[in-house]
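Asker: quick one, what's the 3D model for this:
(one chain, ligands or ions: 1)
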Amino acid sequence: MVARNYDIPELRRLDVAHHLPAQANYGELEKLGGSRIITRAEGCTIYDGDGVAILDGMAGLWCVNVGYGREELVRAAAEQMQELPFYNTFFKTATPPAVLLATKLAEKLGGELQHVFFNSSGSEANDTVMRMVRHYWNVSGQPKRTIFISRHNAYHGSTMAGASLGGMKHMHPIGGLPIPGVEHVAQPYKFNEGFNEDEEAFAARCAQEIEDRILKVGPENVAAFIGEPVQGAGGVIIPPKGYWKRVDAICKKYGILLVVDEVICGFGRLGSWFGFQHFGVTPDLVAMAKGLSSGYLPISAVGVSREIVKVLREKGGEFVHGYTYSGHPVAAAVALKNLEIIEREGLVERVKNDVGPYFAEALKRLEGDPLVGEVRSLGLIGAVEIVSQKGTNERFTGKEGKAGPVVRDTCIKNGLMVRGIRDSIVMCPPLIITRAEIDRMIDIIGRSLREAEPALRALKAD
Ligand code: PXG
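Answerer: Down below sits the predicted model:
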């Protein structure tokens, strides 16, 4: 495809004048003279308006699983737009792509998860979860079950319910969150909170905190536990061995619904179709987005168990919830084609048996760096922890550190897009990434750590 010629300085000026980008510091952005304008992308590489190529170690925003430039997805969208660009699912109507996508997802989710509700974003999916779960308990004759248990540092979205379920403390003051009925417990973040602790003991301690909280608020008041299989935006927190099995058992012991947020982990990221399958647990509801369409169009879904739908059918009456774009036919057609590509190209197996293990090995090359406290990965999601003292988990600026963004900026300057989260940098590349591109990623991170060291040593705590 021929790239269009944009007037980049003018776009940056207009960006400041009129555009309010997502999760930005508007004062800082104004001083900076506007955002970096990304104009095109191909495979695993994005290009900015000045023609600078950047290897996309983040798959857009944890979502472009099949990589950029997929003509098939473009065609699927165009054909669906010509045939039927829109129709809703409100008035006893549905469209072929919505029905077929629900069917495909039921097949991939497997087991009891045989029903699907559509939305447009991960946040909306979690809003749906919250309303559906509370409605379910209400009509089941247990109306007191309203509390959701979530974890510190979890990310479940940016809407009122999504950000409340999330455990990002800095998000809560914006909009007066969390809304009532959300309890946050420990995150299974071993490097920060269980350093030098035995892995199983740490898993048991984190799970015990969930059980303790259930008992504190009263099991009869708890509706659900929600968690990401691997916490993504929280810093790629891979739970210790045995953690998820314990959480699953606790939920079942107290009759609490288990909600798994697969918005990042779903669709091959961990080397399985879904993270819950990797960890061997059986959720009652599953939130999906991002990799569902590889980000080509906005669409999300909630997988729901047979048991919940049985109750909704028998006692639920009208489920007065839904969005104009629930089951949008064009987004659903693109998602269907995207799933077809993931299957046809064996991308899930590729992550599990090929590039995932290769990525883990490649990350180990960074272990010798004096700033690296730990490298970790699962499938194609990974993190590098930055420490001030080798062999410890001490940081340059205390617990809520700032080393990650410094190294991130150096990586971007050197041609690699990563996220900087507190004192770590995290990666989540497209599932089509090659071994050579992984080598390049690791090489750039290594060089960037060396280059950023003086700036890191100069960091001061607030
Ligand atoms: N759940 C999870 C696990 C997510 O990662 C959402 C829900 C919300 O999805 P939507 O589509 O409403 O954004 C997400 C989104 C970051 C970052 O800082 C991460 C996300 C979104 C924006 C920024 O890494 N994840």
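Asker: what stretches of the stretch 151-300 of the chain score poorly on pLDDT?
Answerer: Within the stretch 151-300 of the chain, no range satisfies pLDDT under 70.
Asker: enumerate the residues of it near the ligand.
Answerer: 155-158, 162, 228, 232-233, 261, 263-264, 289 (C-beta under 6 Å from any ligand atom). Heads up, the C-betas are built off the backbone N, CA and C, glycines and all.
Asker: burial count for Gly49?
Answerer: For Gly49, the tally of surrounding residues (other C-beta atoms under 10 Å) stands at 18.
Asker: how far away from the center of its chain is the helix ranked longest in the chain?
Answerer: Ranked by number of residues, the top helix in the chain under DSSP state H is helix 435-457. In this view, helix 435-457 has its centroid 24 Å away from the chain centroid, taken as C-alpha atoms, centre = their mean, to the nearest Å.
Asker: helices or strands up against it?
Answerer: strand 53-56, helix 356-363, strand 381-386, helix 403-413, strand 416-417 (3 or more C-beta pairs under 8 Å, 6 or more residues apart in numbering; DSSP states H and E).
Asker: where does pLDDT dip in the stretch 351-462 of the chain?
Answerer: 461-462.
Asker: quick one, domains of this protein?
Answerer: 36-66+346-457, 72-344 (automatic domain parsing).
Asker: can you redo these as a markdown table with distance to Val16?
Answerer: Output for these, formatted as a markdown table (distance: least, C-beta to C-beta, whole Å):
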| stretch | distance to Val16 |
| --- | --- |
| domain 36-66+346-457 | 12 |
| domain 72-344 | 21 |
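Asker: mind checking which of those is nearest Leu20?
Answerer: domain 72-344 (13.6 Å; C-beta to C-beta).
Asker: start to end distance for that closest one?
Answerer: End-to-end distance for domain 72-344: 13 Å, by C-alpha to C-alpha, to the nearest Å.
Asker: could you do stretch 35-49 as well?
Answerer: Start and end residues of stretch 35-49 are separated by 11 Å (C-alpha to C-alpha).
Asker: that one: how far from the chain's middle?
Answerer: The answer for stretch 35-49 is 21 Å, by C-alpha atoms, centre = their mean.
Asker: tell me the most buried of the helices and strands packed on helix 435-457?
Answerer: Highest mean neighbour count among the helices and strands packed on helix 435-457 (mean count of other C-beta atoms under 10 Å): strand 381-386, with a mean of 26.
Asker: could you give the angle of that one to helix 435-457?
Answerer: Comparing the axes of strand 381-386 and helix 435-457 via axes from the mean of the first three to the mean of the last three C-alpha atoms, to 10 degrees yields an angle of 30 degrees.
Asker: now strand 381-386 - C-alpha only, CSV.
Answerer: What follows is strand 381-386, C-alpha atoms only, in CSV (Å, rounded to 0.1, in the frame of the first residue of the first chain):
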residue,chain,number,x,y,z
ILE,A,381,4.4,-11.7,27.0
GLY,A,382,7.4,-10.7,29.1
ALA,A,383,9.0,-8.2,31.5
VAL,A,384,12.4,-7.0,32.5
GLU,A,385,12.7,-5.7,36.1
ILE,A,386,15.1,-2.8,36.6
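Asker: done for today, thanks.
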